[in-house]
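Student: need a structure here:
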Amino acid sequence: MAIELIEEDNRFRIRTQEFSTEWLPNTPVNRQMAVVWLRYLVNEKGRPLFTLQELATVVGSRNRQAASQHVEDFRACGEDFRGFLTRQRKVDADVVACVEKALDQEPLLEVATLVGRVHKALGRTDITEVNVRVALEQISCAGVLTKLRRQLTTGKIQYQEAALLEELLSEVSERTRQRLAVAEPPETAGMPLSDPTTIQSLVTPDVPITQVPNALAWVTFLMTLYYWNVPLSVLGRWMGVHKTTILRWILGLALALWPMIYQWLLDKVKARQVYIDEKWLKIKGRWHYWFVVLDTSTELPILAALLPSRSRWACRWVGLKLQRLGKKPTEIVTDGLRAYHYLLNGAKHILCRFHQQQGVTTWLKKHFTEKEQIEERKPEMKALLQTTDKRTVRRRLQRLKEKAEAWGITGWVDTVVEKLPALICSIGSSRLPSTTNAIERFFRAFNRFYKTRGGFHSVLSAKRELILFLVVYLFTQRDTDGKAPIEAIVPDAPRMPLYRLINDPFGTLAALKNVKPATPLADFLLGQGAEA
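Tutor: Numbers count the residues shown, from 1 in each chain. Just a heads-up that it's a prediction; the model follows:
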């Protein structure tokens, strides 16, 4: 006769082909009693109706010994139910009270930690994690939830940010590190490509290209091709090595160069006014976010952090990193993510007007289905910020308030009123940026680099490839003005071998005699005439 255990809303019942019990509270004692009672049911021949293996499912076990132990305990009590229920157990009232007291102090304690607390408080050594879990089932959650809410509101604990908090604690514990050590990414360890002097020659102005080792110049060339999305398999076929070898070469070079380049950014970029935005990345099938802080005057990244979320705690972490680097922006330009308000205390927030204008169409399509309704409202809603006069913005907003109820746009108007101080501050200003176009351009360059990869297989590999992108991006000439971003703070950059190898790889390699120069047509014809 098969047993079926049914659980619902912290209750359970046992059903067989012949009978079913009523719903009972899902407690350990009720389950143990059910095991004993069912084991004592016998057929006309005096044999138990249920085997111990079948009864083990009642107490959530696949081992028949789980059911057998409860039956033996019942017999040891003289087959008296009162004695069975009141017998001395490991999980008694003292154990439950001890666990409850520990949770009242720290609601998020792990089970293993609770075991240690119980042992210390009661002077025992026989309590296991299973016993503590049994005790937890007997504790009301009301008191624990009250304590938890109190700690959440006071900021003493955070939730759903384990990886972020772990990184935070490890960083804070290393207060004696110098600034360069903070800037240097830990993922550089164990990936040396060449000695520091040789690497330094790549970023030293006026160093002849002939003084750069041949192998190092070729690895720089491969790194540039990889940046422009030439597959590793193709590069490996060209060089006669496996694609993973190519990846080790180019990552090793990028990671060796990055601490020197990043130190320039820290020393020469003031970052009083910054853009902040984030780009989603897929790592092992899960979304992560690459936060980038871009200086508005130089459009150079002073901080890039890969985090598992974009919550307010992630933004606070970005703000903490900025402060530890000696950067505390007074003005922050963002696309409107609410979590950015937790970034830095005292910083003035400026919202991108372009994103605000884009949001008008999105909001209208979400709340209206008729095209005529959308077209009637959109021009006036978009015209709100299309001016250089702050008074005009306020007058237009007042007119929209008057029409809000009739037009059904009250929610949108209320949101604009809330955001108005951050939107209107850049109206008519020549100093404050009105959009985040600069950081959008940065991420467009990154999207070209990222789109062919389709994600990363680990956080470590993602961080390394992001550093590779930053190194080549900073030294790559823009189409608009023919200058590389790094030239904003290092005017001598065009005279560096790295700059020439990235922007004119074939011409630079030709100087190393790695590329056969083309024969001028006149010389070619002259040679034919001489032969004739």
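
Student: Any buried residues in the strand or helix carrying residue 266, and which?
Tutor: Using DSSP states H and E, residue 266 sits within helix 243-268. Under the neighbour-count criterion of 16 or more other Cβ atoms under 10 Å, helix 243-268 has 246-247, 249-262, 264-266 buried. Yep, even glycine has a C-beta here, placed from its N, CA and C like the rest.

Student: what's the answer for stretch 197-204, then?
Tutor: In stretch 197-204, counting by 16+ other Cβ under 10 Å, buried: 199, 201, 202, 203, 204.

Student: So the closest residue in space to the first one that isn't next to it in sequence versus residue 467, what's the distance?
Tutor: Counting by Cβ to Cβ, 6 or more residues apart in numbering, the nearest residue to residue 199 once its immediate chain neighbours are dropped is residue 256, at 4.9 Å. Plainly put, residue 256 is 10 Å away from residue 467 if you go by Cβ to Cβ, to the nearest Å.

Student: Quick check on residue 331: phi, psi?
Tutor: Main-chain dihedrals, residue 331, degrees, to the nearest 10: phi -140, psi 130.

Student: just checking, it touches residue 350?
Tutor: Yes - using Cβ atoms under 8 Å, residue 331 is in contact with residue 350, at 6.1 Å.

Student: Identify the contacts common to the two.
Tutor: Jointly contacting residue 331 and residue 350 under the rule Cβ atoms under 8 Å, 6 or more residues apart in numbering are residue 432.

Student: quick one on the thing from earlier: the residue nearest to residue 199 is in contact with residue 198, isn't it?
Tutor: No - applying Cβ under 8 Å, one finds residue 256 not in contact with residue 198, separated by 9.4 Å.

Student: helices or strands up against the helix or strand encompassing residue 413?
Tutor: Element membership for residue 413 (DSSP H and E) is helix 410-424. Under the contact definition 3 or more Cβ pairs under 8 Å, 6 or more residues apart in numbering; DSSP states H and E, helix 410-424 sits against strand 348-351, helix 353-367, helix 390-407.

Student: closest one to residue 18 among the ones you listed?
Tutor: Closest to residue 18 of those, according to Cβ to Cβ: helix 353-367, at 57.1 Å.

Student: that older thread, for the very next helix or strand once past the helix holding residue 266, buried residues please.
Tutor: Per DSSP H and E, the first helix or strand lying C-terminal to helix 243-268 is strand 273-283. Using 16+ other Cβ under 10 Å as the test for burial, strand 273-283 gives 273, 274, 275, 276, 277, 278, 279, 281, 283.

Student: for stretch 127-142, same thing?
Tutor: 127, 131, 132, 134, 135, 136.

Student: Would you agree the last one is in contact with residue 99?
Tutor: Yes - Residue 136 is within contact range of residue 99, at 6.5 Å (criterion: Cβ under 8 Å).

Student: Could you pull up the contacting residues of residue 378?
Tutor: Contact partners of residue 378, counting by Cβ under 8 Å, 6+ apart, are 360, 361, 364.

Student: And the average pLDDT for the helix or strand it falls within is what?
Tutor: In the assignment (DSSP H and E), residue 378 maps to helix 371-382. In this model, helix 371-382 carries a mean pLDDT of 91.

Student: With just CA atoms, put that helix into PDB.
Tutor: The C-alpha coordinates for helix 371-382 follow below in PDB (Å, rounded to 0.1, in the frame of the first residue of the first chain):
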ATOM      1  CA  LYS A 371      -2.100  57.000 -32.500                       C
ATOM      2  CA  GLU A 372      -4.100  60.200 -32.600                       C
ATOM      3  CA  GLN A 373      -3.900  60.500 -28.800                       C
ATOM      4  CA  ILE A 374      -0.100  60.100 -28.900                       C
ATOM      5  CA  GLU A 375       0.400  62.600 -31.700                       C
ATOM      6  CA  GLU A 376      -1.800  65.200 -29.900                       C
ATOM      7  CA  ARG A 377       0.200  65.000 -26.700                       C
ATOM      8  CA  LYS A 378       3.800  64.300 -27.800                       C
ATOM      9  CA  PRO A 379       4.800  67.700 -29.400                       C
ATOM     10  CA  GLU A 380       3.800  69.700 -26.300                       C
ATOM     11  CA  MET A 381       5.400  67.200 -23.900                       C
ATOM     12  CA  LYS A 382       8.700  67.100 -25.900                       C
END
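
Student: For the remainder of this discussion, apply numbering that starts at 213.
Tutor: With the count now opening at 213, the last piece we talked about shows up as helix 583-594.

Student: Would you confirm that residue 297 contacts residue 241?
Tutor: Yes - Residue 297 lies in contact with residue 241 (Cβ under 8 Å); the separation is 6.7 Å.

Student: Could you list the low-confidence segments of the stretch 363-512 of the chain?
Tutor: Scanning the stretch 363-512 of the chain for pLDDT under 70 picks out 363-408.

Student: Hmm, residue 705 is touching residue 711, no?
Tutor: Yes - counting by Cβ under 8 Å, residue 705 does reach residue 711; the two are 5.1 Å apart.

Student: Spit out the residues that contact the two alike.
Tutor: 687, 696, 698.

Student: Who are the contact partners of the first one?
Tutor: The neighbourhood of residue 687, defined by Cβ under 8 Å, 6+ apart, consists of 696, 698, 705, 708, 710, 711, 714, 715.

Student: wait, what's in contact with the second one?
Tutor: Residue 698 is in contact with 473, 476, 512, 686, 687, 705, 711, counting by Cβ under 8 Å, 6+ apart.

Student: Nearest to the spatial middle of the protein, which residue is it?
Tutor: With distances taken as Cα atoms, centre = their mean, residue 520 lies nearest the centre of the chain, 1.8 Å away.

Student: Perfect, I'm done here.
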